[in-house]
Each structure stands twice: as structure tokens, then as C-alpha cells.
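Student: Fold the stuff below for me.
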Amino acid sequence: MTQEPAKSFLERLQKDMYAAAGKPPRKVDDILTSDLKERVFRPLLRGAGITDDRRVDEIFLQHKEELSGALLTSHEDPLGHAIIQGLEQRIQNAASGLLSPLPEFPIVGTVPTGDVNAITVAVPGSRQCVILIQDQLFNYALLFSKIMAMSFPHINDPGKNGFLSFSADPSEVIANIENSPYISQRFRQLILAYLTEGSPGRAPAYILEQPHMSMAQILYNSMELFVMGHEYGHIIAGHLDGIDRSAAALGSKEVQIVARNWKQEHEADALGMRLAITAKQEEGFDIPMSFWGADFFFTCAEVVEKGLSVIETGQEGNVQMGSHPPPNRRRKVIRAILRQESDSAAAAIQLADILDSITKYLWESTKPLLMKLHERHISVSQNWLGAPSHRKP
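Tutor: The predicted structure follows:
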């Protein structure tokens, strides 16, 4: 079946939703600029030991040509689309042992949804659907992962050549944050940029040195695999068959969103967790460093919900985005499932708990700033306000 109806629908939706969010729709020519080279390629290549300017230019131009030739829509970030395609392939590979033949992924696009969870929308006049991911979600998660990684104190271990040798003692991690005030500063900058400007990239840029950058990339990759695994979990579980739909406003348009209950969301979480763990294990990672990204996703969502709630209402707990179960409930469910299925669950949950402790510590230094924004009647970004209602009834 051709996916052209879904692609055309996505392109129209992107144009409308960017306009509703007060931003011009992104154009591919505007994305594939030297800013992309400096913001994305140079830091990644530097982490790989490539610093020569001419070599960086060569690699960027090569990838720019490849990305330009594989466009989804004229408004889709080609680099983000390439990342999503890679995640889809890895998740399908991980699922190959579960069922055959493998179901096809619907079109996955990025738009300013105002929700850290993905939304599945029915294509008008068609049985197809498109999966919409918040256009800044992966960038937010990457920058958040960098903050998590730099919070772990590095240990000089000659046996490991300095690679991924960190203290996981909670007291030492918190002491490292207390002795490194720039960690809390980076967190505040990230949260303020994402909530008030709608773009985590508005936070000051910085390069995270090795070995912390490798740790951040492992965490981030584990998280993004879970996000894609969750969406594929809905497909595997048949949640798109005989779909129930509910009307909702996205941008200035009314669309039909695929409605799912909490039981289905927990089923997709369980499948997504298993697929993400399998994908990371195939790359040689153990259960703790394969699972922690799934748990971390709920931390990322929880911080956004709490931040929006404080700015808008002056209190935590008054905002819940979308129709998904609360992040903490989803976290408890996948942890319980992991305990049933893996002998390494205790170590995995212990590592995830450290990330949670880091976030809670950093949140306490950030909340007063958000309270001041509430007192001054500073609004959150239009990106969040243009989404389907996210306030609790």
C-alpha cells in the first residue's frame, strides 16, 4: 500500500501546526545549514576524535547530500528523519524473534505537538495512520542525558582505559553535583528553554567531553529505542486494528486521534521495554544499561509536566499531558515487569533510581525559578498551549 496519502497529510499537518505554534514551518534548505554542522556534526565528530576542519566539512557535505535525497516531507528535519528510520529498523530487528511477518511501521513524523508522548492520528479518507512525535523531544532527551552523565563522577581506572568508569554511589553522585554548580545551571537552562521558548536548543550550547559523552549517548539511545519500541508495541499488540478514534484539535485543525486506554498503554510500554533491551543487548550492553533509558523517558516526561504545572498554576501536579497514564505509574509497571523477567532487575532499577535521585535534586534548585515565572505571569511557550488539553479536569 502506498504511503503517499499519509505523507501528504503529514506535510499539511506540519505546516498548520507550526503556524499555530507561532513558528514558520521548517524548510529543509534552512535545516541543512552550517548551523547543523556546528551544532550536531562537529560535537559528534570531535567525540570520535575527528577535529580537522577540512575533514569535518567533507563529512558534513557527504551527509548533507544523503539527507537531501531521503526527504519525508518538505518540513521534516532530515537528520531527525534519518535517526527515526534507524530506530525503526533496529526495533524491527529486535522484534524479528517475536513474530513473522513483521508489521510495517506507519509514517512517523515530527511536529510541535506540545506533548512528550507520541500521538497517533488517522489519515482522513484512508485506513492509514501517522505517528506524531514532539519535534523537540529527542533533542531535549539528548541534552538531559548529557546532564545526567556529567553528574556521575569519573573514576580513573587503568584497567578500563578511562572508558565509562564512573562511581554509582548515590552520595558520591550528589556530592559531585554539589561541587560542580554548572551541572545545576545546565539543568535550569535546559528546562527554562524548553518550557518557555519551546526549544531546548535555546539553552547555551556546550561540548561534553569523553568519557561522559559516551555515557550520555548510551542513555539517550536507550531512551529513544524505548520511545520507538513503545509505538511498535502498539502495532504488534493490534492496537491500530479496528481503531477507536476521538476528535481533537491539533493546530487549527480538528483531527481524529487514535484513542487508547491505559491497559493498552501499559501493554505497549512492556513490549517497548523488551524491544529496547533486546536491541541494546544485541550491541553488547547489559540489562542495566539497556533498561535505564526506558525508565529515564518517564523522568523526562515528569519534569515537563511538573514544570508546566508550576509555571501555569504555581503548584506541581495540576498538569497531565495527553491521555497516557501518569509517568510515575508507567515507571512502576515496567519495573514490576522487569523484576518478573530478569535476574538483573535489581541492578537495573538501582541504576535508574540514581538517575531519579539526580533529577529530584536538580529539580529542587529549578522549581523556585519557575515559581518566579508564575508570580510574574510569564507564560509557557505557545508550543505547549496549542496542544490538545493537557490540564487535569
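
Student: Just the terminal-to-terminal distance for stretch 283-291.
Tutor: 13 Å (Cα to Cα, to the nearest Å).

Student: Which parts of the stretch 101-250 of the chain are strands?
Tutor: 107-111, 119-122, 129-134, 244-250 (DSSP state E, counting those that start in this stretch).

Student: In TSV: those strands, plus mean pLDDT.
Tutor: Below are those laid out as TSV (pLDDT from 0 to 100):
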stretch	mean pLDDT
strand 107-111	90
strand 119-122	90
strand 129-134	92
strand 244-250	79
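
Student: Of all those strands, which one is nearest K263?
Tutor: Each of those has some distance to K263 by Cβ to Cβ; the shortest is strand 244-250, at 13.0 Å. For the C-beta atoms, the positions are set from N, CA and C on the backbone; glycine is no exception.

Student: packing partners for whichever helix or strand comes after the closest one?
Tutor: Using DSSP states H and E, the helix or strand that directly follows strand 244-250 along the chain is strand 253-259. For strand 253-259, the packing partners by 3 or more Cβ pairs under 8 Å, 6 or more residues apart in numbering; DSSP states H and E come out as helix 4-20, strand 119-122, strand 244-250.

Student: How far off centre is strand 253-259?
Tutor: Between the centre of strand 253-259 and the centre of its chain there are 22 Å (Cα atoms, centre = their mean, to the nearest Å).

Student: What are the contacting residues of that strand?
Tutor: Contacts with strand 253-259, where a contact means Cβ atoms under 8 Å, 6 or more residues apart in numbering, come from 13, 16, 119-122, 124, 129, 239-240, 243-249, 323, 388.

Student: ditto for stretch 339-353
Tutor: When contacts are defined by Cβ under 8 Å, 6+ apart, stretch 339-353 is touched by residues 168, 170, 274, 286-292, 295-296, 335, 338.

Student: Pull out the buried residues from the residues you listed.
Tutor: 274, 287-292, 295-296, 335, 338 (16 or more other Cβ atoms under 10 Å).

Student: any chance of those in a markdown table, plus distance to I218, secondary structure and pLDDT?
Tutor: Below are the buried ones among the contacts of stretch 339-353 laid out as a markdown table (distance: Cβ to Cβ, whole Å; DSSP: H, G, I helix; E, B strand; the rest coil; pLDDT from 0 to 100):
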| residue | distance to I218 | secondary structure | pLDDT |
| --- | --- | --- | --- |
| R274 | 18 | helix | 97 |
| I287 | 13 | helix | 95 |
| P288 | 11 | helix | 94 |
| M289 | 6 | helix | 93 |
| S290 | 9 | helix | 95 |
| F291 | 12 | helix | 97 |
| W292 | 9 | helix | 96 |
| D295 | 14 | helix | 97 |
| F296 | 11 | helix | 97 |
| R335 | 20 | helix | 98 |
| L338 | 18 | helix | 97 |
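
Student: From those, pick the one nearest G49.
Tutor: The nearest one, if we look at the buried ones among the contacts of stretch 339-353 relative to G49 and count by Cβ to Cβ, is M289, at 22.7 Å.

Student: I'd say that closest one and K280 touch.
Tutor: Yes: counting by Cβ atoms under 8 Å, M289 does reach K280; the two are 6.9 Å apart.

Student: Common neighbours of these two, please.
Tutor: The contact lists of M289 and K280 share S222, where a contact means Cβ under 8 Å, 6+ apart.

Student: Quick one: mean pLDDT over the biggest helix by length in the chain.
Tutor: Across the chain, the longest stretch assigned as helix under DSSP state H is helix 345-375. The average pLDDT for helix 345-375 rounds to 96.

Student: Now the element after it, going C-ward?
Tutor: Using DSSP H and E, the first helix or strand after helix 345-375 is helix 382-385.

Student: hmm, who's touching that following helix?
Tutor: 20-22, 112, 114, 136, 195, 198, 308, 379, 390.

Student: From the residues you listed, list the buried ones, please.
Tutor: For these, a burial check counting by 16+ other Cβ under 10 Å picks out 20-21, 112, 114, 136, 195, 198, 308, 390.

Student: starting at the chain centroid, how far to the longest helix of the chain?
Tutor: Centroid displacement of helix 345-375 relative to its chain, using Cα atoms, centre = their mean, is 17 Å.

Student: next one: stretch 129-140
Tutor: 8 Å.

Student: And stretch 290-300, by the same measure?
Tutor: 10 Å.

Student: who's in contact with that stretch?
Tutor: Residues contacting stretch 290-300 (Cβ under 8 Å, 6+ apart): 116, 140-141, 144-145, 148, 219-227, 269, 272-273, 276-277, 279-281, 327-328, 330-331, 334-335, 338, 348-349, 351-352, 355-356, 359.
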